[in-house]
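Asker: After the sequence you'll find the predicted model.
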Amino acid sequence: MTARKPSRKASRKTAELPVDVPVEIPAEAPAEAPVASAVDVAPTPAPAATTTTAAPAGRVRPRRADAGPPRPRQAGDGQGARPAPALEGADRGRLLAGDHHAPHDVLGAHPIPGGVLVRALRPFARSVTVLATGLRAELHDDGDGFFSGVLPVPEAPAYRLEVAYDDNVIEVEDAYRFWPAIGELDLHLIGEGRHEQLWRALGAEPMEHQGVAGTRFTLWAPNARGVRITGDFNYWDGTGFPMRSLGSTGVWELFLPGVGEGALYKYDICRPDGSHTVRADPMARRTEVPPATASIVTASHHAWQDADWMAHRGDRPVHEAPFSVYEVHLASWRPGLTYRQLAEQLPAYVKDLGFTHVELMPVSEHPFGGSWGYQVTGFYAPTSRMGTPDDFRFLVDALHRAGIGVIMDWVPAHFPRDDWALAEFDGRPLYEHSDPQRAAHPDWGTLEFDYGRTEVRNFLVANATYWCEEFHIDGLRVDAVASMLYLDYSREEGQWSPNEFGGRENLDAVAFLQEMNATVYRRNPGVVTIAEESTAWDGVTRPTDGGGLGFGLKWNMGWMHDSLQYIAKEPIHRKYHHDEMTFSMVYAYSENYVLPISHDEVVHGKQALVAKMPGDWWQQRANHRAYLGFMWAHPGKQLLFMGQEFAQGAEWSEGHGPDWWLLDPSYEASGDHRGVRDLVGDLNAVYGAVPALWQRDTVPEGFCWVDGGAAEDNVFAFLRYDADGSPLLAVSHFSPAVRSDYRLGVPETGTEGWVEVLNTDAARYGGGDVRNEEPLKAEAVPAHGRPCSISLTLPPLATVWFRPA
């Protein structure tokens, strides 16, 4: 995708604005959250107040010419300033070319012998006059938009500029009279790559600085020769808005008085070769709705109401707590709904089904909807397709108040090549690796991050904690971890170079993931990180101080592939694939696992979950229900993608989302789908109420096979135990026949018998209702290595759970 050509039509809101936006200073500055610099920032050495507050929302319309001339603060002598020394040709040329690194050294007010020199760059202006207490002095027109003069005063006053155009006269603050609005500590931490709240230091920050309301713009672009701000407040002409370079950090800064929330902007960057590129802000916290690409100045005004949730979400370690996840693509769950409209429907739906968490496919801004959010250009901005950042906060807040945790897919593995975004951002590889072979992602045509560069690693680590701190996200599911870990991922011989030890491991990526996990867990108690990692990399969920990557959970891709391959077979052939359902227990405790049936398994010809099942419609639904029962009982947490909870037969499409019409009572087969949805609700209800199903997911003491070798019968029987030793017996039968008097060895506990607590063949789920109605008494008949056993009836294509009466 390409950026729109900047024009006066870029913003309907401000099409009538002149080049400058005037400032109206309120009588009393509002006292809001300090934003001058990041947390614990040393104040900038300046003769101005260091306390800054958020600017009021909105921008002020300019004074129109027909409203009469602006009134100066105090009438002066009305004489012009004395002529100023001529501006050196190099400075003049560089300012006009947009490659000046220190515009504040030339523009603004500067004491010189005999007075104070004031110089302004105001393209298209007819005249510029300095207004101050007791002073009104018109500057000399030096051509090309430059105006200058020497004021007959001993020191620089607090002044404003009256700028006259052909059809308008406005009074504005001079952006070049302000000290830097970012602290020395911020710059130090950015240079070291250790700024854990980077979003408070870089980007567009509405604030009050030196008593004036405006927005501080800061950008990291170390290879740039110059940077200018262009936006709807200057007709997308940044000539008069050059930024200053702050030392060796590569950070550029400019405080623009009068620019507030809602302003659209980009950066006009002069590359090392002198050419220009116009870019969106990598740190933008709000963006235009795609395909538009401008960044938007924003600040949060959301009042959180989830204090109780936040205080207690970390009471239990996630691997020892119930954790059942409903995966959602927000834009297509109910197409057309905004974040706030989703907040009215999604929490109630998920709560009714009993899921403990939702997992949102990427919400970070992305230009192409068909990427489902996995090709991100705005890492710090929720997609504007469904509303503002505060609207997204409202949705998270609503989910928390409903008792539902929020996990977000996070994509630090790669980014797209759009020429208005991160690719060769300042004219050279910056966010991507400088080696083209390392930079190019072979599978998706995107670019991989340079994890070895401290500032890039800082950009990503801070981004991870940003979502947790600013949006109260409870977990990050990190996408495509395997592609980050291996230098030879999807690369042929000769397309990659080994690491310093001769291996294939990407040591920079390993260090980044360890730092990210350690930082997120330290700063955000109760948050969990989850790895989508498809290889046998050792220690994905091992703590970083033990040499692991430090994730809390890992998707069990092996279980998913093996179990789906098994369940797709005709029952008569399943006995030859029995080990595909049991092999997962060989490595079940090597990591802390999530069992995922995600969006990736129900698209691109893979078929919906129920459509993978063999047999007629009744058998497909029975297989579907039995499989879910097996999944919920298996060690590990579980994740189910939307639409699969009611056995949607069609693949998912981001264009229209789930087939909700299948649940409409007017549809004659709606009962079949409602039955499956009822089962999912009951699975979650029993799961949450029975600690044996989640309390010891990650230790061998929580599981024991009763019979894992009944291949001829297509039966899998096992016990789950909670911390007190209380058992649950799960029996999955993947054959279409009823098996009566089926004997299974059981623990001696349960002298009152074993009772069904869930049966996927129940009539209310659409099954044949083959049940074990009465408690099953344990008999002194040895079976499966146990002195006691029970005799039960196994329904066809069903999973049954029993507990001691």
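Answerer: Thanks, I have the structure now.
Asker: And the contacts of the helix or strand of the chain with the lowest mean pLDDT?
Answerer: Least confident helix or strand of the chain, by mean pLDDT, DSSP states H and E, is helix 436-439 with a mean of 92. Applying CB atoms under 8 Å, 6 or more residues apart in numbering, the external contacts of helix 436-439 come out as 429, 432, 433, 447, 448, 450, 487, 491, 495, 496, 497. C-beta coordinates here come from the backbone N, C-alpha and C atoms, glycine included.
Asker: Going by distance to residue 352, which of these wins?
Answerer: residue 448 (41.3 Å; CB to CB).
Asker: all helices of the stretch 151-300 of the chain, in order?
Answerer: 184-192 (DSSP state H, counting those that start in this stretch).
Asker: Give me the below-cutoff pLDDT ranges for it.
Answerer: Across the stretch 151-300 of the chain, nothing is flagged by pLDDT under 70.
Asker: Let me see the ranges of the strands in it.
Answerer: 160-164, 169-172, 203-209, 212-220, 226-231, 244-245, 251-257, 264-270, 276-279, 295-296 (DSSP state E, counting those that start in this stretch).
Asker: Now render these as TSV, adding mean neighbour count and distance to residue 728.
Answerer: Converted to TSV, those look like this (neighbours: other CB atoms under 10 Å; distance: least, CB to CB, whole Å):
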stretch	mean neighbour count	distance to residue 728
strand 160-164	22	75
strand 169-172	22	72
strand 203-209	26	51
strand 212-220	26	54
strand 226-231	26	61
strand 244-245	20	65
strand 251-257	25	57
strand 264-270	24	57
strand 276-279	20	56
strand 295-296	26	52
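Asker: Mind putting the ones you listed into TSV with distance to residue 745?
Answerer: Formatted as TSV, those follow (distance: least, CB to CB, whole Å):
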stretch	distance to residue 745
strand 160-164	89
strand 169-172	85
strand 203-209	63
strand 212-220	65
strand 226-231	74
strand 244-245	76
strand 251-257	69
strand 264-270	70
strand 276-279	67
strand 295-296	65
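Asker: Which one of these lies nearest to residue 475?
Answerer: Nearest to residue 475 among those is strand 203-209 (24.6 Å), distances taken as CB to CB.
Asker: packing partners for that closest one?
Answerer: Secondary-structure packing of strand 203-209 (3 or more CB pairs under 8 Å, 6 or more residues apart in numbering; DSSP states H and E): strand 212-220.
Asker: Parallel or antiparallel, list what pairs with the strand it packs on.
Answerer: strand 203-209 (antiparallel), strand 251-257 (antiparallel) (DSSP bridges).
Asker: quick one on the thing from earlier: so which of the contacts of helix 436-439 wins on neighbours?
Answerer: Counting neighbours by other CB atoms under 10 Å, the top entry in the contacts of helix 436-439 is residue 432, with 26 neighbours.
Asker: what about that residue, distance to residue 277?
Answerer: Residue 432 is 15 Å from residue 277, where distance means CB to CB, to the nearest Å.
Asker: Residue 218 now?
Answerer: 18 Å.
Asker: just residue 706 next, same as before
Answerer: Note on residue 706: its distance to residue 277, by CB to CB, is 65 Å.
Asker: And for residue 662?
Answerer: Plainly put, residue 662 is 49 Å away from residue 277 if you go by CB to CB.
Asker: go on, residue 165?
Answerer: 29 Å.
Asker: packing partners for the longest helix seen in the chain?
Answerer: Identified as the longest helix of the chain according to DSSP state H is helix 670-689. Applying 3+ CB pairs under 8 Å, 6+ apart, one finds that helix 670-689 contacts strand 324-328, helix 339-353, helix 617-633, strand 754-759.
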